[in-house]
Each structure stands twice: as structure tokens, then as C-alpha cells.
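Enquirer: Would you be able to build a 3D model of this:
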Amino acid sequence: MADTVPSPSLQRLRILHVVRRGFAGGGLENGIVNVANRLPGDRYRISICALDSEETFSGRIRRPDSEFYLLPKRGDGIDWNLIWSLARLFRRAKVNLVHSHNWGTFLYSVVAAKLARVPIIHGEHGKTQNDLEPIGMLKRQTKSLLGRRVDRLVTVSQSIAAEWASYGVSLERIQWIPNGVDTERFRPRTDQIECRLRFGLPEGDLLIGGIGRLDALKNYEVLLVAFAKIANEFPSLHLSLLGDGPCRERLLRKAKQFGVADRVSILGWRPDPENFLTALDIFVLPSKYEGMSNVVLEAMASALPVVCADLPAHREVFEPSRDGVVVSPCNGEMLAKVLAELCRDPERRKSLGLAARKQVVSRFSIARMVSDYERLYDSCAYRETIFQSVPQEMPNRV
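Expert: Numbering: from 1, shown residues only. Predicted structure coming up:
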């Protein structure tokens, strides 16, 4: 008779997330927090390790037995010592499963997991501005070689899955788990005026806005150009951005140059994006690239009309012209045209928002996302639970 394998659901799995930075303000980090806080405490123990940071987002993980580690990467090149430090951490913390995130943790986590003989999932969520450059041969070979050695490669969009398949990673090893949104926290509300007062925004104006890091990748300068183009036609129109980043001062200078500085607000980071979304009439994200945008899902769940650059990830989320609007090419002229049409048509804004809300509730709930990760974690940790009681020594360092 074949040996009976205990079901992973009967084990308490120790999962360690490896992230590049510990600041919990981006979509990647929010995704980890959303899943970690909702996994059953009697089945999963969640910890975080940051490789390039002086902090972890420990304050947002609401699990009393979580552990948080800092292993700062040293130098500009590859820090080979970091691989050994990670491998020792995996064994010392008795990790059942490693979940690394994005290119910045990829090489370190995969090699360390193999040294420690721990299963590893690698998650791909999106790209930075530097990642938009053509990929070099060494990086391509690294992705191809190590991508075939992860237990599962999980992506937030089908377009990212296709990219990794092009590196030679088999489709059987790649799993697509779209982001999910808390549709109770982000929902249609009737307290728009109160939310505007909370952020110091004008009560009666038509308000366009966005949420995100103010960098070149998010492309908010195009939104500012478009806003300036239609500002005279709509004298009660106001633009507000929730976020911060290296382009903040440039955007403020451009607003002054265009003569609209008194109608543009940049609010910095705030812990209540749901209230900011309630304050808006139109949500805009002109990014050059997105894996799968959490803020787009949150805006849709809030029943806002969403306007985005025409990217594959957005077309995976909504049907253009039915649940949202895509702009192609996403330049100042075209974006101004789309925004002006929406400003003139409140019924169109309402129908887009209601359709967007319906789409998110049916396809992108946070419960679905958590359930998908539960199944993924259980299946990938299966082998480790069998050998959990067998001591394994770290190989000697040469």
C-alpha cells in the first residue's frame, strides 16, 4: 500500500515573504498584507524579511506570532553573502515555504531556498522604470535558469505570465492569481462632501484624481498636461493626487507653469485611500506599465469611472467602454479629449462606475484571492510537510 501523505490543511505552515523594501505603501506590499491578515491563524504563520530597507511593514500585519527580519543587501552588485544569510534564516526559522517577490529578491531567494531545501514560490507583480529597458542577456538567462527551479511562479496578470513563459518557464509551473480588493472597505458611499473636507478639497468642484507613487513610471505629468488643456472649459474642475515620490516638485512646478497651481492638490501618502476615492468624480491612472493595479480595482470597487492608459493588464480587469475607459496613445491631447467627454456627461460617469463595481465584485474579490493563495501554499508546501521532522544540515560554505 502506498504511504499516506498528511493533508497540508492539518499542518500549520510557516511562510516567509521576502521583499526588497519594507515600506508598506505600494501595491505589492498591500497585496501581501491583504492575504496575510486573512489566512486562517490556525493553519498559517506568516513572517516578513526585507532585503533593502531599514524597516518592515510589521505594523500592518495583524498576526500576534509573526516575525520580521531585516537582512540589508550590501553594495551595488550582487551580495553573495546575502544568499547564505537568507539560507541560514530559512533553516533557523523552520520555514515550510518561501514566497519571494519581484526581481529584486529573485536570485537571492531562489538560490537560498535551494541551499536550505525549502520549497519556494516566486511572485511577479510588476516593474520599475528601470525594468522597462530591454532585458539583457545575463538577466534573461538568470530568469530562465532559476525560473525553472521555483516550485511555482505566480503572476498577477496573464501578460506577466506570458513574459516568463518566453524565458522557457513551463506554463505548468506558472500560476495566475489576480489581485483582489476589499469590496466592503472600497464601496460606493454618500459622504463625498465630508471626505472632501477631510482632505481639504473644494466641496462643489468636479474632482479628477489618482493614487500612486509620483515617479516617471506612473506618468502623472501627462495627466497634468491634459488637465491644463481642459481647465478653461471647466472652471470648476480640480485635480488631486494621493501619493508622493521623486516627481512631486516637478509636477508642482509644471502646475504653476501651466497656470493651474491653485486647482491642483498633491496630498502625500495617507492611510485612508477609501476616503480619497469617495471624494473623487473621475479616477485616472496614466501609467506606462502596470502588472495589475490595486488602485484601479479599488477605484472600480468604489464605483468610480476609471480612465487608464491602454495596457494589457487593464484589459484583463475591465472591458473598455463598458467598465472603464482606455486611452491610446496616452498623451496629453488624447487624455484631455477623454476627460472632457466624461466631464460633460454625468450619466456616462455613473454607468461606467456601476459597471466597474459589478465587475470587481464578481471577479476580483479579496476572498477569491485569499482562497487561491491558500490552495497554492498548501500544494507547494506538501513535500516539506512530509519531511518536516527530518533534520537537514546546511551545506558547508566553500
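
Enquirer: Touching the lengthiest helix in the chain from outside, list them.
Expert: If you go by DSSP state H, the chain has its longest helix at helix 366-386. Outside of helix 366-386, the residues within contact range by C-beta atoms under 8 Å, 6 or more residues apart in numbering are 5-6, 8-9, 11, 13, 15, 31, 34-35, 38-40, 43-44, 96-97, 99, 118-119, 121, 151-152, 154, 175, 177-183. All C-beta atoms are positioned from the backbone trio N, CA, C, and that covers glycine.

Enquirer: So for that helix, mean pLDDT?
Expert: Averaged over helix 366-386, pLDDT sits at 82.

Enquirer: now stretch 292-303
Expert: On average, stretch 292-303 scores 95.

Enquirer: again with stretch 204-211
Expert: Stretch 204-211 comes out at a mean pLDDT of 94.

Enquirer: Give the buried residues for it.
Expert: 205-211 (16 or more other C-beta atoms under 10 Å).

Enquirer: Over to stretch 118-128?
Expert: For stretch 118-128, by 16+ other C-beta under 10 Å, it's 118-127.

Enquirer: likewise stretch 297-315?
Expert: Neighbour-count burial for stretch 297-315 [16+ other C-beta under 10 Å]: 297-309, 311, 313-315.

Enquirer: same question, stretch 362-380
Expert: Buried, per 16+ other C-beta under 10 Å, within stretch 362-380: 364-366, 369-370, 372-374, 376-378, 380.

Enquirer: again, but for stretch 335-344
Expert: 335-336, 338-340, 342-343.

Enquirer: Tabulate the residues you listed (TSV), appending secondary structure and pLDDT.
Expert: Shown next, in TSV, are the buried residues of stretch 335-344 (DSSP: H, G, I helix; E, B strand; the rest coil; pLDDT from 0 to 100):
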residue	secondary structure	pLDDT
335	helix	98
336	helix	98
338	helix	98
339	helix	98
340	helix	98
342	helix	98
343	helix	97
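
Enquirer: And the strands in this protein, which stretches?
Expert: 13-19, 44-50, 68-70, 97-101, 120-124, 152-155, 174-176, 206-211, 237-242, 264-266, 282-285, 306-309, 325-327 (DSSP state E).

Enquirer: Figure out which of those strands is closest to residue 62.
Expert: strand 44-50 (10.2 Å; C-beta to C-beta).

Enquirer: what distance separates that closest one from the centre of its chain?
Expert: Mean C-alpha position of strand 44-50 versus that of the full chain (C-alpha atoms, centre = their mean, to the nearest Å) differs by 18 Å.

Enquirer: With stretch 227-237 instead?
Expert: For stretch 227-237, the distance to the chain centre is 32 Å (C-alpha atoms, centre = their mean).

Enquirer: what residues does it touch?
Expert: Contacts for stretch 227-237 (C-beta under 8 Å, 6+ apart): 204-208, 239, 255, 258-260, 263-264, 332-333, 336, 339-340, 343.

Enquirer: With stretch 75-93 instead?
Expert: For stretch 75-93, using C-beta under 8 Å, 6+ apart, the contacting residues are 14, 16, 18, 47, 49, 51, 67, 69, 71, 73-74, 95, 98, 107-109, 111-113, 115-116, 118, 392, 394, 397.

Enquirer: Only whichever of the residues you listed are buried, select them in PyMOL.
Expert: Per 16+ other C-beta under 10 Å, the buried members of the contacts of stretch 75-93 correspond to this PyMOL selection:
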select buried, resi 14+16+18+47+49+51+67+69+71+73+95+98+107+108+109+111+112+113+115+116+118
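
Enquirer: hmm, back to that, and the longest helix of the chain with strand 13-19, angle?
Expert: Helix 366-386 and strand 13-19 are oriented at 110 degrees to each other (axes from the mean of the first three to the mean of the last three C-alpha atoms, to 10 degrees).

Enquirer: Off-centre distance for helix 366-386?
Expert: On C-alpha atoms, centre = their mean, the centre of helix 366-386 falls 19 Å from the chain's centre.

Enquirer: Next, the angle strand 97-101 makes with it.
Expert: Using the same axes, to 10 degrees, the inter-axis angle of helix 366-386 relative to strand 97-101 is 130 degrees.

Enquirer: just the buried members of the contacts of helix 366-386?
Expert: 8, 11, 13, 15, 31, 34-35, 38-39, 44, 96-97, 99, 118-119, 121, 151-152, 154, 175, 177-183.

Enquirer: that older thread, which one of the buried residues of stretch 335-344 is nearest residue 145?
Expert: Nearest member of the buried residues of stretch 335-344 to residue 145, counting by C-beta to C-beta, is residue 335, at 41.2 Å.

Enquirer: Would you quantify the distance from that closest one to residue 116?
Expert: Per C-beta to C-beta, to the nearest Å, residue 335 is found 49 Å from residue 116.

Enquirer: which regions of this protein lie under the pLDDT threshold?
Expert: 1-11, 22-25, 53-55, 128-134, 382-398 (pLDDT under 70).

Enquirer: Which residue, other than its chain neighbours, is closest to residue 258?
Expert: Of all residues not flanking residue 258 in the chain, residue 228 sits nearest, at 3.8 Å (C-beta to C-beta, 6 or more residues apart in numbering).
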